[in-house]
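Student: Sequence and predicted structure, then a few things I'm wondering about:
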Amino acid sequence: MGLYGVILAAGESTRMGRDKALLPWPPIRTKISHPERKQISTFRPIQASFSGTLLSSAIEAFSRFCDLVIVVVGKNETRLRPMIDSAGALAVRNSNPELGQFSSLQVGLREVLNRGRDTAMITLVDRPPPLPSTLAKLISAFDDRDRHVWAVIPESEGKHGHPILIGREMIEVFLRATATANARDIEHECESRIAYVPVDDARVALNLNTPEDYANISQEERA
């Protein structure tokens with residue numbers, strides 16, 4: 001199938017107060033503070049080494065199943081590139097990350113096509129890495145899909161999440177849209193072309209946008 005992974009990591013992580021790609025994973029308990037919040041008891045959001053972060057963990061998870069993992073970076077390129085290079089992934093820069101997350105998706109998908117592939121597994125860097133069994137199930141569903149299905153999306157407890165697997169048809173739909181479009185809106189428009197796959201993995205539907213989000217999921221992971 002020639003599957004390529006795409007991890008979107010070009011955001012500025014404004015609500016988290018620091019780059020989410022560098023959050024430790026698995027998390028480590030300590031006290032942190034947010035520039036606009038009081039100090040809270042949570043888990044350490046800074047990791048000195050390149051191993052054990054949300055980004056490195058996502059690359060590792062994808063690398064088991066993908067021929068190549070592409071990480072879309074933005075203004076954080078200098079911070080993330082050494083980690084990406086050491087993990088054997090490819091850093092691709094979004095020159096206009098201020099246009100939003102969808103513009104980073106388009107940058108990543110163009111790189112997939114430029115490298116002669118037409119299938120991609122896509123996730124966001126602010127998601128805990130899914131279980132290997134989840135990825136294997138999604139890939140199996142994608143391989144066995146009907147012709148009219150353009151994408152496979154995981155579903156946990158009624159919530160849709162990431163990673164999503166898409167073929168050439170869906171890639172072209174995304175690339176024809178404007179850079180400021182919303183991926184979720186496009187998915188809704190193409191709902192008849194999407195297969196939703198139930199998985200026993202709550203991580204697929206989680207977002208880590210704030211220190212509180214990170215603290216909550218960290219406590220659950222360590223419970």
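Tutor: Nice, thanks for sending it over.
Student: if I look at the closest residue in space to Ala21 that isn't next to it in sequence, how far off is Val6?
Tutor: Of all residues not flanking Ala21 in the chain, Leu55 sits nearest, at 3.9 Å (Cβ to Cβ, 6 or more residues apart in numbering). Just so you know, the C-beta spots here come from the backbone N, C-alpha and C atoms, and that holds for glycine as well. Going from Leu55 to Val6 by Cβ to Cβ, to the nearest Å gives 13 Å.
Student: likewise Ser156?
Tutor: 21 Å.
Student: So for those two, which residue has more residues nearby?
Tutor: Taking neighbours as other Cβ atoms under 10 Å, Ser156 and Val6 compare with Val6 leading, 26 against 19.
Student: Isn't that one up against Gln106?
Tutor: No. Val6 is beyond contact range of Gln106, at 10.4 Å (criterion: Cβ atoms under 8 Å).
Student: so who does the nearest residue in space to Glu77 that is not next to it in sequence touch?
Tutor: The shortest distance from Glu77 to any non-neighbouring residue, by Cβ to Cβ, 6+ apart, is to Arg93 (5.4 Å). Arg93 makes contact with 10, 72-74, 77, 107, according to Cβ atoms under 8 Å, 6 or more residues apart in numbering.
Student: Other residues contacting stretch 95-104?
Tutor: Contacts for stretch 95-104 (Cβ under 8 Å, 6+ apart): 8, 10-12, 72, 74-75, 94, 124, 174, 177, 179-183.
Student: same check, this time on stretch 68-86
Tutor: 4-12, 19, 21-22, 50, 53, 55-56, 59, 62-63, 87-94, 97, 104-105, 107-108, 111-112, 115, 125.
Student: The chain: strands as residue ranges?
Tutor: 4-8, 29-32, 40-43, 68-73, 90-93, 120-124, 151-156, 159-160, 164-166, 194-198 (DSSP state E).
Student: now the lengthiest helix in the chain against strand 68-73, angle please.
Tutor: Assignment by DSSP state H gives helix 101-114 as the longest helix of the chain. In terms of direction (axes from the mean of the first three to the mean of the last three Cα atoms, to 10 degrees), helix 101-114 departs from strand 68-73 by 150 degrees.
Student: What are the buried residues along helix 101-114?
Tutor: 102-109, 111-112 (16 or more other Cβ atoms under 10 Å).
Student: ok, so of the residues you listed, who is nearest Asp213?
Tutor: Nearest to Asp213 among the buried residues of helix 101-114 is Ser104, at 20.5 Å by Cβ to Cβ.
Student: Give me the below-cutoff pLDDT ranges for the chain.
Tutor: Along the chain, the model assigns pLDDT under 70 to residues 1, 28-51, 219-223.
Student: about what we covered before: burial count for the residue nearest to Ala21?
Tutor: 26.
Student: Separate out the buried members of the contacts of stretch 95-104.
Tutor: Applying 16+ other Cβ under 10 Å to the contacts of stretch 95-104 flags 8, 10-11, 72, 74, 94, 124, 174, 177, 181, 183 as buried.
Student: Among the residues you listed, which one lies nearest to His162?
Tutor: Leu124 (5.8 Å).
Student: Correct me if wrong: Val125 contacts Ser57.
Tutor: No. Applying Cβ under 8 Å, one finds Val125 not in contact with Ser57, separated by 10.0 Å.
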